[in-house]
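[1] could you look at this predicted model? Sequence included:
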Amino acid sequence: MSPTALSAGPEHGHVTFLGAGPGDPGLLTLRAVEALASADVLVAEHEVLDVVRQHARQGVSEVHTDPGPSQDPAPGTGAPQLTVVDGTSTTAAVPAVRDAAHLVMEAARGGRRVVRAVSGDPGLDTYAAEEMLACAAAGVPFEVVPGIASAVGVPAYAGVPLRDAQGADVRFVDARTASDRCWTEVGASDGTVVVSTTLDSVAAAAGELVSAGRKPDTPMTVTVAGTTTRQRTWTATLGTIAQTLKHAKVLPSPEGGRPVIAVVGERSAAAQRDQLAWFESKPLFGWKVLVPRTKEQAASLSDQLRSYGAVPHEVPTIAVEPPRTPQQMERAVKGLVTGRYEWIAFTSVNAVKAVREKFEEYGLDARAFAGIKVAAVGEQTANALIAFGVKPDLVPSGEQSAAGLLEDWPPYDPVFDPIDRVFLPRADIATETLVAGLIELGWEVDDVTAYRTVRASPPPAETREAIKGGGFDAVLFTSSSTVRNLVGIAGKPHNVTVIACIGPATAKTAEEHGLRVDVMAPEPSVHKLAEALADFGAKRRMAAVEAGDPVTRPSERRPGARRRRSTT
């Protein structure tokens, strides 16, 4: 079917050409997120699919690049090789031989909303422009959502401003398509040049600039995987960049076709990059950190780790199951409705989930908490209650633990408290600290098993191998059970891995399993634990810089190097 025949249909649909930015998912615009959430079909190059698909609605059909093992075209060197993937089917991907423009328009048939996502900005993408013209010719309505161009975003993340106070001229060159005339023009200029090229062509691009009149000692920076936690930047000159990359063992490389952004110029601030490299100098930049918690529990912790530059990897070590005998929980929930309790105390997100599920089973909602005081052991548990429609009356003002909750809990007063009973839904392996403390304050406690915790299934084989082989830079242990369960389902972390524990009890368990504890939180809080690990990483980085050594991650150990274990 030709585009002309397609335009004769009753419904043309709509296409949004969307810039996915240079790689960091956080750089998507608000308008881009809105467009993705309402898309029926998502069309994207393979390298940006992970950036955009997380904002697409469930069940969206996908069309993405999927180069075969024998074809791996460098970005910008050939037309997109597209593969059709229907998100609602279980069939394997089917190669599409039609061109991208035709496929985009066909995807819009029947009034469907199509998002065509490209790397960087669609205005700088050759094929996006061709597809827009094809849509216009076929009568398919479209819009453009700009994105951050790689040539602008990557230098910003590399700490290389493109202009100074004198307002230097800035030229942008795509070395993969640049003509001799283009090189001559930028060579004659004394402004900053931003070159889009590939890793195996950087030296050739530098040579073109020197041949065109630039001095060999002109400063140059080269950034690969810009704006992602794999980003790496080298500083050299036009005359030394080839030797610099060779010394760093990045050229030649099996991944030589990877796109890079090079910045050239006397005023490009390459000399000041040590002071301006804000992204790569984050305390945990590029660290692969194991978070042995359930996905729900790990979400905020993983976000915090990402803010330090880390790459969190969540591995559940426990699974939550209903109690073996549900009668006790059923009686307690009925007691909430009949006025048996003055308080209900939640000591975990899982406890909130267990009560909420039991409410739904009985057709109840948050209104059943009317007249009952609600306590939460900490911020995460409080947030889970708020999501349920319940604002807790009591959250510890200090330590977020059972002990902290007891410090703020009021003693029973028969004058002001008409009922003396507390409902405490919790895990089957919970400690007795809170129960004993409440009884000491004069309260009667219904200590109810709301859920059971069991050891989770082992993670995939590659994760187990990374744990035992030193593939992770750090692991965060948030309880003694996470230590025991992780070792049980995946094995002992390698001795180069930094071990961080939430408190003394967890640290003792780690040492009992033969692990050396490097970091301990100043107080029992997962967020304080992440802060402590970031402080450790910052000090480690500073020590390397002061010693004149390269900054490396713990997993980048020297061959044969081993870490002494603690004998305590």
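    Received the coordinates, thanks. Numbers count the residues shown, from 1 in each chain.
[2] can you give me the helices for the stretch 451-568 of the chain?
    461-469, 480-490, 504-512, 526-546 (DSSP state H, counting those that start in this stretch).
[3] helix 480-490 and the first one, what's the angle between them?
    Same thing as helix 461-469. Helix 461-469 and helix 480-490 meet at an angle of 110 degrees, taking axes from the mean of the first three to the mean of the last three C-alpha atoms, to 10 degrees as the criterion.
[4] and helix 461-469, how far out from the chain's middle?
    In terms of C-alpha atoms, centre = their mean, to the nearest Å, the centre of helix 461-469 is found 20 Å from the chain centre.
[5] any chance you could list what contacts it?
    Outside helix 461-469, the residues that touch it by C-beta atoms under 8 Å, 6 or more residues apart in numbering are 288, 290, 313, 315, 458-459, 471-472, 475, 486, 490-494, 497. All C-beta spots, glycine's among them, are computed from the backbone N, C-alpha and C.
[6] so which helix or strand of this protein has the lowest pLDDT on average?
    strand 94-95 (a mean of 36; mean pLDDT, DSSP states H and E).
[7] thinking again about what came up before, just the buried ones from the contacts of helix 461-469?
    288, 290, 313, 315, 459, 471-472, 475, 486, 490, 493-494, 497 (16 or more other C-beta atoms under 10 Å).
[8] format those as TSV; extra columns: pLDDT.
    Below are those laid out as TSV (pLDDT from 0 to 100):
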residue	pLDDT
Lys288	96
Leu290	95
His313	93
Val315	90
Pro459	91
Gly471	95
Phe472	96
Val475	97
Leu486	93
Ala490	92
Pro493	96
His494	95
Thr497	97
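[9] related to what we said a few turns ago, helices and strands around the next helix or strand after the least confident helix or strand of the chain, which ones?
    Heading C-terminal from strand 94-95, the first helix or strand you meet, by DSSP states H and E, is helix 100-107. Contacts defined by 3 or more C-beta pairs under 8 Å, 6 or more residues apart in numbering; DSSP states H and E place helix 100-107 against helix 3-7, strand 41-44, strand 61-65, strand 82-85, strand 113-118, helix 126-138.
[10] at 6 Å what do you get?
    Helices and strands touching helix 100-107, by 3 or more C-beta pairs under 6 Å, 6 or more residues apart in numbering; DSSP states H and E, are helix 126-138.
[11] give me the angle between the helix it packs on and helix 100-107.
    Using the same axes, to 10 degrees: helix 126-138 against helix 100-107 is 50 degrees.
[12] off-centre distance for helix 126-138?
    Using C-alpha atoms, centre = their mean, the offset of helix 126-138 from its chain centre is 33 Å.
[13] returning to that earlier point: can you say which of the helices of the stretch 451-568 of the chain is packed in most?
    Across the helices of the stretch 451-568 of the chain, averaging neighbours per residue (mean count of other C-beta atoms under 10 Å) puts helix 480-490 on top, at a mean of 21.
[14] which outside residues touch that one?
    292, 317-318, 455, 458-459, 464, 467, 477, 505-506, 509-510, 513 (C-beta atoms under 6 Å, 6 or more residues apart in numbering).
[15] quick check: the farthest pair among those residues?
    The two members of the contacts of helix 480-490 with the most space between them (C-beta to C-beta) are Arg464 and Ala505, at 25.9 Å.
[16] burial check on Leu406, number of neighbours?
    Neighbour count of Leu406, defined by other C-beta atoms under 10 Å: 17.
[17] distance of it relative to Ala39?
    Plainly put, Leu406 is 51 Å away from Ala39 if you go by C-beta to C-beta, to the nearest Å.
[18] same deal with Leu301?
    From Leu301 to Ala39 the distance is 30 Å (C-beta to C-beta).
[19] likewise for Ile439?
    Distance check for Ile439 against Ala39: by C-beta to C-beta, it reads 56 Å.
[20] out of those two, which sits in the more crowded spot?
    Legend: neighbour count by other C-beta under 10 Å for Ile439 and Ala39, higher for Ala39 (27 against 15).
[21] distance-wise, check the spatially closest residue to the more buried one that is not a sequence neighbour relative to Gly207.
    Closest residue in space to Ala39, ignoring its immediate chain neighbours: Val115 at 4.2 Å, by C-beta to C-beta, 6 or more residues apart in numbering. Remark: distance between Val115 and Gly207 (C-beta to C-beta) = 40 Å.
[22] again with Gly111
    52 Å.
[23] helices along the stretch 101-250 of the chain, start to end?
    Counting by DSSP H, counting those that start in this stretch, the helices of the stretch 101-250 of the chain are 126-138, 150-158, 180-188, 202-211, 241-247.
[24] hey, which strand is longest across this protein?
    As assigned by DSSP state E, the longest strand anywhere in the chain is strand 444-455.
[25] got the buried residues for it?
    Buried-residue list, strand 444-455, by 16+ other C-beta under 10 Å: 445-453.
[26] then stretch 138-151?
    Across stretch 138-151, burial judged by 16+ other C-beta under 10 Å covers 138, 140, 142, 144-151.
[27] where does this protein dip in pLDDT?
    1-11, 64-98, 165, 167, 251-257, 267-272, 294-299, 430-431, 557-568 (pLDDT under 70).
[28] which stretch among the helices of the stretch 451-568 of the chain comes nearest Leu276?
    helix 526-546 (14.9 Å).
[29] convert the C-alpha atoms of that closest one to CSV, please.
    C-alpha atoms of helix 526-546 as CSV (Å, rounded to 0.1, in the frame of the first residue of the first chain):
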residue,chain,number,x,y,z
VAL,A,526,17.8,2.9,54.9
HIS,A,527,18.3,6.5,53.7
LYS,A,528,21.1,7.1,56.3
LEU,A,529,22.7,3.8,55.1
ALA,A,530,22.7,5.1,51.5
GLU,A,531,24.2,8.4,52.7
ALA,A,532,26.9,6.5,54.6
LEU,A,533,27.8,4.6,51.5
ALA,A,534,27.9,7.8,49.5
ASP,A,535,30.3,9.3,52.1
PHE,A,536,32.5,6.2,51.8
GLY,A,537,32.6,6.5,48.0
ALA,A,538,33.4,10.2,48.2
LYS,A,539,36.3,9.6,50.6
ARG,A,540,37.6,6.8,48.4
ARG,A,541,37.5,9.0,45.3
MET,A,542,39.2,11.9,47.1
ALA,A,543,42.0,9.6,48.3
ALA,A,544,42.6,8.4,44.8
VAL,A,545,42.7,12.0,43.4
GLU,A,546,45.1,13.2,46.1
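[30] distance from it to the middle of the chain?
    Relative to the chain's own centre, helix 526-546 is displaced by 19 Å; criterion: C-alpha atoms, centre = their mean.
[31] can you tell me the SS state at the residue lying farthest from the centre of the chain?
    If you look at how far each residue of the chain sits from its centre, by C-alpha atoms, centre = their mean, the farthest one is Val415, at 52.1 Å. Under DSSP: H, G, I helix; E, B strand; the rest coil, the three-state class of Val415 is coil.
[32] how much space between it and Gly442?
    The value you get for Val415 to Gly442, if C-beta to C-beta is used, is 12 Å.
[33] wait, Ala158 touches Thr233, no?
    Yes - with contacts counted by C-beta atoms under 6 Å, Ala158 reaches Thr233, the gap being 4.6 Å.
[34] ok, what's across the strand from Thr449?
    Arg426 (DSSP bridges).
[35] I'd like the numbering to begin with 25 instead of 1 from here.
    Yep, numbering from 25; the last one is Thr473 now.
[36] any idea how far the residue farthest from the centre of the chain lies from Arg364?
    Taken as C-beta to C-beta, the span from Val439 to Arg364 is 20 Å.
[37] before we move on, what about Arg136?
    Distance from Arg136 to Arg364, by C-beta to C-beta: 55 Å.
[38] do the same with Pro340
    In terms of C-beta to C-beta, Pro340 sits 35 Å off from Arg364.
[39] same question, Leu429
    Counting by C-beta to C-beta, the gap from Leu429 to Arg364 is 21 Å.
[40] comparing the two, which residue is more hemmed in?
    For Leu429 versus Arg364, neighbours defined as other C-beta under 10 Å are more numerous around Leu429 (25 against 15).
[41] element containing the more buried one, please.
    Here Leu429 is assigned to helix 426-432, by DSSP H and E.
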